[in-house]
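> Predicted model and sequence below, questions to follow.
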Amino acid sequence: MSVHIAAKKGEIAKIVLQPGDPLRAKYIADNFLTDVKLVSQTRNIFYFTGLYNGKEISVGASGMGIPSIGIYSFELFTEYEVDTIIRIGTCGAYTTDLKLFEVLNVENAASESTYGKFAWGFEEELLPSQGSSFNLINETAKDLSLEIKSTNIHTSDIFYRKDEGIPAIAEKYNCSAVEMEAFALFANAKYLRKNAAAILTVSDVIPTQEQISADQREKALKTMIELALQSALKM
């Protein structure tokens, strides 16, 4: 049984929304799901299962960084037979072409991380979203008349770095933004033949040092959360 998730078999839905922050998972469960049950709180990483428009969905945190989401997504896929994980998080824009609050649908994640290589033997620096989730998210956004951008992003192991320039790998693969989890999620899904997607909200514009305030984040993420939930109804 799972080492890091205490839910019983059958208590996790086939589709999981995965923010980084446990309190964001609680916010989603409290405000968007009905008939909610807290199914795990090991290490204060909350997992909830409930209904959204009648469909069973789970939401739970990944924690920060490749190692953390690597563990949680693997156990969800293998121990709980989850079919689809949608990461919902924030990112920093490398370019002023992106604005605060914009929503991105990640097509590919590029990374210098050795996670894919040493976990599953993948040599690629660039991994695509897995399965049909990416296209379904774009279709759902169109149905909802939401403007989102499909893009490549850089998954970095480094939050603080000495060199403030855009990393070479981000330039190589035309990555418009940076975050810390999607590459590992895509790697696990690729190896296990599962579905994985990432929807991100721009919380920082790195060249201008603009950022969403702590008070703004809850409302700012509502569009991304609703897009993920509406997309999940089609999966």
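Yes, it's here. Residues are numbered from 1 along each chain as shown.
> got any ranges where the chain has weak pLDDT?
For the chain, applying pLDDT under 70 flags the ranges 1, 218-219.
> now the strands for it?
15-18, 34-40, 47-52, 55-60, 84-93, 103-110, 126-128, 148-155, 175-179, 195-205, 210-211 (DSSP state E).
> if you compare the ones you listed, which one is most tucked away?
Here the criterion is mean neighbour count by mean count of other Cβ atoms under 10 Å, and of the strands of the chain the winner is strand 15-18, at a mean of 27. For every residue, glycine as well, the C-beta is placed using N, CA and C.
> list the helices and strands it packs on?
The contact analysis (3 or more Cβ pairs under 8 Å, 6 or more residues apart in numbering; DSSP states H and E) places strand 15-18 against strand 55-60, helix 66-79, strand 84-93, helix 222-232.
> which neighbours does that strand have in its sheet, and in what orientation?
Neighbouring strands of strand 15-18 in its sheet, by DSSP bridges, are strand 55-60 (parallel), strand 84-93 (parallel).
> want to try JSON lines for these, with distance to residue 202 as columns?
Below are the strands paired with strand 15-18 laid out as JSON lines (distance: least, Cβ to Cβ, whole Å):
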{"stretch": "strand 55-60", "distance to residue 202": "22"}
{"stretch": "strand 84-93", "distance to residue 202": "5"}
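> what separates the residue nearest the centre of the chain from residue 163, distance-wise?
With distances taken as Cα atoms, centre = their mean, residue 87 lies nearest the centre of the chain, 1.7 Å away. Separation of residue 87 from residue 163 (Cβ to Cβ, to the nearest Å): 26 Å.
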